[in-house]
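[1] Predicted coordinates and the sequence they were generated for:
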Amino acid sequence: MRFSKLHASGNDFVVLDNRDGKVYSFVNDLRLDMKDFVVKVCAFHTGVGADGLILIESPDDPKNHFKWQFFNSDGSVAEMCGNGSRCAVRFAYERGIAGQEVRFETLAGIIKAEVLEKGRRVKVLLTKPKDYRDVTLDVKGTRLEGSFINTGVPHFVVRVEEIDSLDVVSLGRAVRFHPAFEPKGTNVNFLQVVGENKIKVRTYERGVEGETLACGTGATACAIVSYLKGWVKGSPVDVFTKGGDLLRIHFLPDLQEVYLEGPVVWVFDGELREELFL
Ligand SMILES: N[C@@H](CCC[C@H](N)C(=O)O)C(=O)O
């Protein structure tokens, strides 16, 4: 089973072309379910290793170039993934599934994207931010006065003064499973303002259950909350990620359009063997 490995600012994904349904046949023939398949493929050391897995499928509406199924590395399905979108768009562009302007179907709605620099950069029009509210939590003896916002998937955002020394995994896990966000939980983002229209972000990701090197919808959530709180002046906001890459978040003043832009790397192509699943 052919696969490709791409990463967007260190948020890495296994991408498979499932337009002919072959991935489902492969999984069924092995008497697996998709969750088992995803967990084994995404496992570091014993699998390919990735934060998530993306299936590229034929669109329901022919006006769109493709539909995707997005899975976190724990096998859970997420409605959307900003960095995964950038990888999926690069894959579709290089495989001739789409041109420079791309439209694809997700559980969060139709996502439009633009291919830049022959796919080495991709700019994605995310879903309109929604469900914005302030949230105060007491976790592990710490009071977190933050905000909740949905930028395609749910995000909790809190500003801190010193981000590098933060125990993101411990605090992040406590917030991710907090009753305030039941039943589906939330991604957890910490941000530090590091300049005019510049923030640094670290993210504990739902479904990866750990800190990732970048989170696109998380970076966007932090940029939008920073704008709404007046911590930055406006668009574009530069987001420095854990992995060191810079993501650029563009948006209209009324937030009717919000874009995530950044680099994409196509790492390698490979072949999944059945023995991985035995
Ligand atoms: N890394 C992604 C977010 C992927 C989904 C997230 N883990 C969730 O389950 O909500 C991004 O770049 O947005």
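    Yep, that arrived.
[2] Give me every residue in the stretch 51-200 of the chain lying close to the ligand.
    For the stretch 51-200 of the chain, the residues in contact with the ligand (C-beta under 6 Å from any ligand atom) are 72, 78, 81, 82, 83, 84, 153, 187. Glycine gets a C-beta too; all of them are placed from N, C-alpha and C.
[3] Check the burial of the fourth one by counting its neighbours.
    Same thing as residue 82. A total of 29 residues lie near residue 82 under the criterion other C-beta atoms under 10 Å.
[4] can you pull the contacts of it?
    124, 126, 151, 152, 215, 216, 217, 218, 219, 220, 260 (C-beta atoms under 8 Å, 6 or more residues apart in numbering).
[5] Tell me which helix or strand the last one sits in.
    This points to residue 260. strand 258-263 (DSSP states H and E).
[6] now for whatever helix or strand comes next after that strand, which elements pack on it?
    Downstream of strand 258-263, the next assigned helix or strand under DSSP H and E is strand 265-271. If you count contacts as 3 or more C-beta pairs under 8 Å, 6 or more residues apart in numbering; DSSP states H and E, strand 265-271 packs onto strand 2-8, helix 82-94.
[7] Is stretch 5-12 in proximity to the ligand?
    Yes. Applying C-beta under 6 Å from any ligand atom, one finds that stretch 5-12 is in contact with the ligand at residue 11.
[8] Centre of the chain to stretch 240-249, how far?
    Distance, stretch centre to chain centre, for stretch 240-249: 13 Å (C-alpha atoms, centre = their mean, to the nearest Å).
[9] residues of that stretch that come out buried?
    By neighbour count on 16 or more other C-beta atoms under 10 Å, the buried set for stretch 240-249 is 240, 241, 242, 245, 247, 248, 249.
[10] what's the answer for stretch 215-233, then?
    215-227, 231-232.
[11] can you narrow the residues you listed to ones near the ligand?
    Restricting those to those near the ligand - C-beta under 6 Å from any ligand atom - leaves 215, 216, 217.
[12] I figured residue 188 hits residue 177, correct?
    No. Residue 188 lies out of contact with residue 177 (C-beta atoms under 8 Å); the separation is 9.9 Å.
[13] Looking at the two, which has the bigger crowd around it?
    Using other C-beta under 10 Å as the criterion, residue 188 and residue 177 rank with residue 188 on top: 32 against 15.
[14] Which SSE is immediately downstream of the helix or strand containing the more buried one?
    Assigned by DSSP H and E, residue 188 falls within strand 187-195. Heading C-terminal from strand 187-195, the first helix or strand you meet, by DSSP H and E, is strand 198-205.
[15] from the chain's centre, how far out does that following strand sit?
    With C-alpha atoms, centre = their mean, you get 12 Å for strand 198-205.
[16] What are the contacting residues of whichever helix or strand comes after it?
    Downstream of strand 198-205, the first helix or strand assigned by DSSP H and E is strand 210-212. For strand 210-212, contacts defined as C-beta under 8 Å, 6+ apart pick out 10, 11, 51, 168, 169, 172, 202, 203, 204, 205, 242.
[17] Could you dump the helices and strands packed on strand 265-271 into CSV with distance to residue 181 and mean pLDDT added?
    Shown next, in CSV, are these (distance: least, C-beta to C-beta, whole Å; pLDDT from 0 to 100):
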stretch, distance to residue 181, mean pLDDT
strand 2-8, 25, 98
helix 82-94, 19, 98
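[18] which one of the ones you listed is the most hemmed in?
    Of these, the one with the most neighbours on average (mean count of other C-beta atoms under 10 Å) is helix 82-94, at a mean of 27.
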